[in-house]
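>>> Fold the stuff below for me.
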Amino acid sequence: MERPGVLRWLGYAVGVRLPDRYDDWALHDATSKHWRARYVLRSSVGIVPLCAVWLLLPGSIWLRLSLVLMAALVAYFYSCAYMEESIEHRLGRQGFPHNTGRRVRAEAAEAANAEVTARYLARYRTPSAG
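Numbering: from 1, shown residues only. Reported below is the predicted structural model:
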């Protein structure tokens, strides 16, 4: 799986479609174990620079910090509220069918749950020899 370089990743973070050779990485990015953390990190690419600019506005430091905190909280709230829809849209832009990310994540969760259930049954539901 080929990973994009820093500049391509920054473009990807702000919505640029990656070349086809990065399709496997884009699917992994949207469906890996830590896909939510990756999403928040990508969202930060747009939020953090705006907050930095707002810190430069005139006024007391407490007022500017309050503005930045409020703006960041609202931005992250809305960003996270539409996380799954945004991921599906991003995958669609890469050429994947609609709901590919949800399907892949559901299959991975089902496999992980089956493994945990099998370990539980093997450990606690074995016939007793007594």
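
>>> Against Glu85, how distant is the spatially most central residue of the chain?
When CA atoms, centre = their mean is applied to the chain, the residue found nearest the centroid is Tyr39 (2.4 Å). Remark: distance between Tyr39 and Glu85 (CB to CB, to the nearest Å) = 11 Å. Where C-beta positions appear, they are placed from N, C-alpha and C, glycine not excepted.

>>> likewise Gln94?
Relative to Glu85, and taking CB to CB, Gln94 is found at 15 Å.

>>> neighbour-wise, which of those two wins?
Neighbour count, other CB atoms under 10 Å: between Gln94 and Glu85, Gln94 has more, with 20 against 9.

>>> What separation is there between the nearest residue to that one once chain neighbours are set aside and Ala122?
In this structure, Gln94 finds its nearest non-sequential neighbour in Ala26, 4.7 Å apart by CB to CB, 6 or more residues apart in numbering. Going from Ala26 to Ala122 by CB to CB gives 37 Å.

>>> Read off the pLDDT value for Met1.
As predicted, Met1 sits at a pLDDT of 86.

>>> Kindly apply the preceding question to Ser128 instead.
pLDDT, read off for Ser128, is 62.

>>> ok, and what's touching the longest helix seen in the chain?
The single longest helix within the chain, with elements called by DSSP state H, is helix 100-124. Contact with helix 100-124 is made by 27, 30-31, 35, 84, 87-88, 91, as judged by CB atoms under 8 Å, 6 or more residues apart in numbering.

>>> Any buried residues in it, and which?
Neighbour counts over helix 100-124 (16 or more other CB atoms under 10 Å) mark 100-101, 104-105 as buried.

>>> Rounded mean pLDDT for that helix, please.
91.

>>> how distant is that helix from the center of its chain?
From the chain centre to the centre of helix 100-124 is a distance of 21 Å (CA atoms, centre = their mean, to the nearest Å).
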